[in-house]
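Provide a 3D model corresponding to the input given below.
(chains A, B, C and D)
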There are 2 protein chains.
Amino acid sequence: MTNPSTNWHASHNGDAKPARTILILEDNETLAFGLRTSLEVEGYNVECVIDGNSGLEWLTQNTPDLIVLDLMLPGLNGFEVLRRYRANGGNAAVLILSARDQEVDKVQGFRIGADDYVVKPIGVLEFLARVEALMRRVITPARTPESARGSLHRFSDVVVDLRTRTVTRAGKPIDLSPMEFDFLAFLIESGGDIVSRDTLMQRVWRYTSGVTSRTVDQHVARLRNKLEPDPAQPRHLITVRKAGYRFQL
Amino acid sequence: MTNPSTNWHASHNGDAKPARTILILEDNETLAFGLRTSLEVEGYNVECVIDGNSGLEWLTQNTPDLIVLDLMLPGLNGFEVLRRYRANGGNAAVLILSARDQEVDKVQGFRIGADDYVVKPIGVLEFLARVEALMRRVITPARTPESARGSLHRFSDVVVDLRTRTVTRAGKPIDLSPMEFDFLAFLIESGGDIVSRDTLMQRVWRYTSGVTSRTVDQHVARLRNKLEPDPAQPRHLITVRKAGYRFQL
DNA sequence: CGCAATTTTTTACAAATCGCAAACATCGCG
DNA sequence: CGCGATGTTTGCGATTTGTAAAAAATTGCG
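Just a heads-up that it's a prediction; the model follows:
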């Protein structure tokens, strides 16, 4: 598979959103490790890189939500990294962490696109508070407000997007065939009502008359396998004996 | 160049951004006046209010982009103003300007919703730089994330600039033919919606009716080869069986 | 205008996917 | 147990998509 590294680890209760990712670009490994630990305790996904060129390369393949950037780096310095990152359209929040406390440095940092600039040493609590404040404002492509998106339907760990014909389960995309999707969509849009096989054949399959076949059942079976937490004990694709099927939740 | 395709013009306005509004809530009138002047020189619209209650009241009638907030105010103190403002759904960026430099104060400020916290005295240039940095991130009803992000679109290591019609991959320019670019642009601008081959033929190729051909598919194949990390398992140019194509991310 | 290089479209075929029916297994209930 | 209703598996034909390669159109240029 393409990407084994994306671990939105089993999220603790309720916290539905995947962890946000932070890149620490800092060559002082002791400091970087300390920051990493603090951030991880807060639930962030943290990556550490210790030189400018490697950092930029990592950034071509990943889109973190925030970058903690030291100015004095081996290879490219922090300013240059930031400049190139922004030039390529990088949109993450950038918090510069520097030993230089001159106003001119700060102004330059902001000018080329930093979102915050703090002078070392800094208290851990203030650092975390600033990170959180930046996270509140940053918008990454992967994180465009779902409210702005089309009609989403959720049940268990499944999300169905009728607009893009997309289904995800635990955040991972699930592949539905066209018929499977149409069928699911029809059930969902029936809002919990019982739908007979006959109705389904007519409305989803466009059959004219009462053809009896196990086609509908097969689709139910396949959908249950793909979407139900326990396909043997369906909680959402409910069979109503002698009547048809019903979508729950 | 018959290239009639460079025609998505229509939408681009002159980019005359409306002046952004800042509220200064600060009881030291000398300081407030100085800040106001500096900000106005930068082109901001500035309002000054000197006590907490009046400030909150002003905020019920106005929606500034940013609030510069002193903590020690007559009437309601700054923390309380901020707390109530956020509780009412206020979304402006808030920059706290305070004489208190204790970490605990800063952390509390951020916790109740500040976006930045600077300790007086502060240099004018740094102040202006921080204001500008906040302005880049703040989203007001007038300014949606789309417009804030410009015409750059990123996915994997690819950056597409619709304005300059350039595409880069891992920082290196990628050559797209006019049709290839128009096609890609149309998919991107469809914002993730599924677009049928038929629609594409009409909107991108300006065909009138249902001509069936593999032209669209051919372009998809070429774009995938140029842009997808693994063309065999496309992650962004998604085919939706029986329906068309969809651009992801 | 003519010619070469590039881009776009069409053709032709290979590969993948899907719908469907039939056969078989299982379940539920009297 | 018996019987009808539901669940699952399997295989094949039809549809849809991917793509190499040829053909056609467009462009650049002397």
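
rest of the way, CA atoms for contacts and neighbours
Noted.

quick one: the strands in chain A, in order.
For chain A, the strands defined by DSSP state E occupy A:21-25, A:45-49, A:66-70, A:93-98, A:116-119, A:152-155, A:158-161, A:166-169, A:172-174, A:194-195, A:237-240, A:244-247.

and whatever residue of chain A ends up closest to DNA strand C, how many neighbours?
Nearest to DNA strand C, among the residues of chain A, is A:Met179, at 3.0 Å (C-alpha to the nearest atom of the strand). When neighbours are counted by other C-alpha atoms under 10 Å in any protein chain shown, A:Met179 registers 14.

flag every residue of chain A that's near DNA strand C.
Taking C-alpha under 7 Å from any atom of the strand as the measure of proximity, chain A contacts DNA strand C at A:175-180, A:205, A:213-215, A:218.

how far away is A:Ala221 from B:Gly109?
From A:Ala221 across to B:Gly109, the span is 54 Å (C-alpha to C-alpha, to the nearest Å).

which of those two has more residues huddled nearby?
Remark: of A:Ala221 and B:Gly109, B:Gly109 carries more neighbours, 26 against 17, as counted by other C-alpha under 10 Å.

nearest residue to that one other than its sequence neighbours?
Closest residue to B:Gly109 apart from its sequence neighbours, by C-alpha to C-alpha, 6 or more residues apart in numbering or on different chains: B:Phe79 at 6.8 Å.

quick one: contacts for that neighbour?
Taking C-alpha atoms under 8 Å, 6 or more residues apart in numbering or on different chains, we find B:Phe79 in contact with B:71, B:109, B:112.

and those, which is closest to A:Arg100?
Nearest to A:Arg100 among the contacts of B:Phe79 is B:Gly109, at 24.6 Å by C-alpha to C-alpha.

give me the number of residues near the closest residue to chain B within chain A?
Among the residues of chain A, A:Thr60 lies nearest to chain B; the distance is 4.7 Å by C-alpha to the nearest C-alpha. A:Thr60: 20 surrounding residues under other C-alpha under 10 Å.

show me where chain A has helices.
Remark: helices assigned in chain A by DSSP state H are A:29-41, A:52-61, A:78-87, A:103-111, A:124-137, A:178-189, A:197-203, A:215-227.

hey, least reliable of those helices by pLDDT?
Ranked on mean pLDDT, the bottom entry among the helices of chain A is helix A:197-203, at a mean of 83.

mind listing what's buried along that helix?
Neighbour counts over helix A:197-203 (16 or more other C-alpha atoms under 10 Å in any protein chain shown) mark A:197-201 as buried.

quick one: it near DNA strand D?
No. Using C-alpha under 7 Å from any atom of the strand, we find that helix A:197-203 stays clear of DNA strand D, coming within 8.3 Å at best.

give me the distance from that helix to the chain's centre.
Counting by C-alpha atoms, centre = their mean, to the nearest Å, helix A:197-203 is centred 36 Å from the centre of its parent chain.

please apply the same query to stretch A:61-78.
22 Å.

any idea how far A:Pro178 is from the nearest residue to A:Ser177 once chain neighbours are set aside?
Spatial nearest neighbour of A:Ser177, chain neighbours left out: B:Arg241 (7.3 Å); criterion: C-alpha to C-alpha, 6+ apart. Distance, B:Arg241 to A:Pro178, using C-alpha to C-alpha: 6 Å.

who's in contact with A:Phe186?
The contact partners of A:Phe186, by C-alpha under 8 Å, 6+ apart, come to A:Val204.

from A:His236, how far out is it?
According to C-alpha to C-alpha, A:Phe186 and A:His236 sit 14 Å apart.

and if you look at A:Leu76?
A:Leu76 sits 54 Å away from A:His236 when distances are taken as C-alpha to C-alpha.

surely A:Leu187 is in contact with A:Arg246?
Yes. Between A:Leu187 and A:Arg246 there is a contact under C-alpha atoms under 8 Å: 6.8 Å.

mind listing the shared neighbours of these two?
Both A:Leu187 and A:Arg246 are in contact with A:Val195, where contact means C-alpha under 8 Å, 6+ apart.

surely A:Pro64 meets A:Ala19?
No. Assessed by C-alpha under 8 Å, A:Pro64 is found out of contact with A:Ala19, at 10.5 Å.

before we move on, the earlier item: list phi and psi for the residue nearest to A:Ser177.
When read as degrees, to the nearest 10, the backbone of B:Arg241 gives phi -50, psi 140.

and it, how many neighbours?
Count around B:Arg241 with other C-alpha under 10 Å applied: 12.

now A:Asp161
A:Asp161 is flanked by 17 other residues according to other C-alpha under 10 Å.

please report how far it lies from DNA strand D.
From A:Asp161 across to DNA strand D, the span is 19 Å (C-alpha to the nearest atom of the strand, to the nearest Å).

give me the beta-bridge partners of that residue?
Under the criterion DSSP bridges, A:Asp161 forms beta bridges with A:Leu152, A:Thr166.

surely it is in contact with A:Pro173?
No. The pair A:Asp161 / A:Pro173 is not scored as a contact, 11.0 Å apart, by C-alpha under 8 Å.

shared neighbours of these two, anything?
Counting by C-alpha under 8 Å, 6+ apart, the contacts common to A:Asp161 and A:Pro173 are A:Val167.

dump the buried residues of helix A:197-203 into JSON lines; add distance to chain B as well.
Below are these laid out as JSON lines (distance: C-alpha to the nearest C-alpha, whole Å):
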{"residue": "A:Arg197", "distance to chain B": "23"}
{"residue": "A:Asp198", "distance to chain B": "24"}
{"residue": "A:Thr199", "distance to chain B": "22"}
{"residue": "A:Leu200", "distance to chain B": "19"}
{"residue": "A:Met201", "distance to chain B": "19"}
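
how far off centre is stretch A:40-60?
Computed by C-alpha atoms, centre = their mean, the chain-centroid distance of stretch A:40-60 equals 18 Å.

residues making contact with that stretch?
Contacts to stretch A:40-60, defined as C-alpha under 8 Å, 6+ apart, come from residues A:19-29, A:32, A:36, A:39, A:73-78, A:81, A:85, B:156-158, B:170-171.
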